[in-house]
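Undergrad: Build me a structure from this.
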Amino acid sequence: MLELAILGFLAEGPLPGHELRRRVSDLTGYTRPVSDGSLYPAINRLAKAGLLERQADPRAGAGRYMLSLTEAGRAEMLERLRKPADHEITDFTRFYTVLSFLSHLPDVAEQHAVLRRRLAFLEEPASFFYDGDRPMRAEEVADPYRRGLLLTARATSRAERAWLREALGEQSPETP
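TA: Take a look at the predicted model:
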């Protein structure tokens, strides 16, 4: 997801490395901190693959670069947005990275296909705790902290499903 975030932010315009790092950290840093040890190797991989260009920025001093997306980089970003892997749909943080750049897809039908995949995932019964193969509901859990986790997850999922239906122009099943 780090590479998608890099490509997505550069799709909005050229950036110096330190600004790109700040934006990526703002997006994912609260759950997955972005270190120089992960960011700069990712930038180097993308540059080597021809997906971004690095040009010296004489205004910023020696060793400072401006990064920009190539046409191949834009095509790669769009393909990653069109067809996110299953774990990019099911993982909360990964999906939010996809969602952050989904508007770069020019075709609304393609955007909606991604949103429908997320909605389908959220509508499947799931839990953090199971009784055998059966997902446990918050009301069945005695531990107050686990119950709190389940209640919070339920509220978050309910809000996200409502937003997804709204974005897709669908009516909620609870709405007459």
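
Undergrad: I'd like the mean pLDDT over stretch 69-87, please.
TA: Average pLDDT, stretch 69-87: 97.

Undergrad: That one: which residues count as buried?
TA: Buried residues in stretch 69-87, counted by 16 or more other CB atoms under 10 Å: 69, 70, 73, 74, 76, 77, 78, 80, 81, 84. No exception for glycine: its C-beta is placed from N, CA and C like everyone else's.

Undergrad: separation between residue 42 and residue 155?
TA: 34 Å (CB to CB, to the nearest Å).

Undergrad: Neighbour count: the two, which is higher?
TA: It is residue 42, of residue 42 and residue 155, that has more neighbours when counted by other CB atoms under 10 Å, with 16 against 10.

Undergrad: and the closest residue to residue 103 other than its chain neighbours, what element?
TA: Sequence neighbours aside, residue 111 is the residue nearest to residue 103 in space, at 7.3 Å (criterion: CB to CB, 6 or more residues apart in numbering). Per DSSP states H and E: residue 111 is located in helix 108-123.

Undergrad: quick one: contacts of that helix?
TA: Applying CB atoms under 8 Å, 6 or more residues apart in numbering, the contact partners of helix 108-123 are 81-82, 84, 89-90, 95, 98, 102-103, 105, 157, 160-161, 164-165, 167-168.

Undergrad: Which of those residues are buried, as a PyMOL select command?
TA: A single PyMOL command selects the buried members of the contacts of helix 108-123 (16+ other CB under 10 Å):
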select buried, resi 81+84+89+90+95+98+102+105+160+161+164+165
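
Undergrad: Looking at the contacts of helix 108-123, which are in helices?
TA: 81-82, 89-90, 95, 98, 157, 160-161, 164-165, 167-168 (DSSP state H).

Undergrad: Can you name the two of those residues that sit furthest apart?
TA: Spatial extent of those (CB to CB) is set by the pair 82 and 157 at 24.7 Å.

Undergrad: mind giving me the domain split of the protein?
TA: Following automatic domain parsing, one finds the domains of the chain at 2-81, 87-168.

Undergrad: Right, I'll call it a day here.
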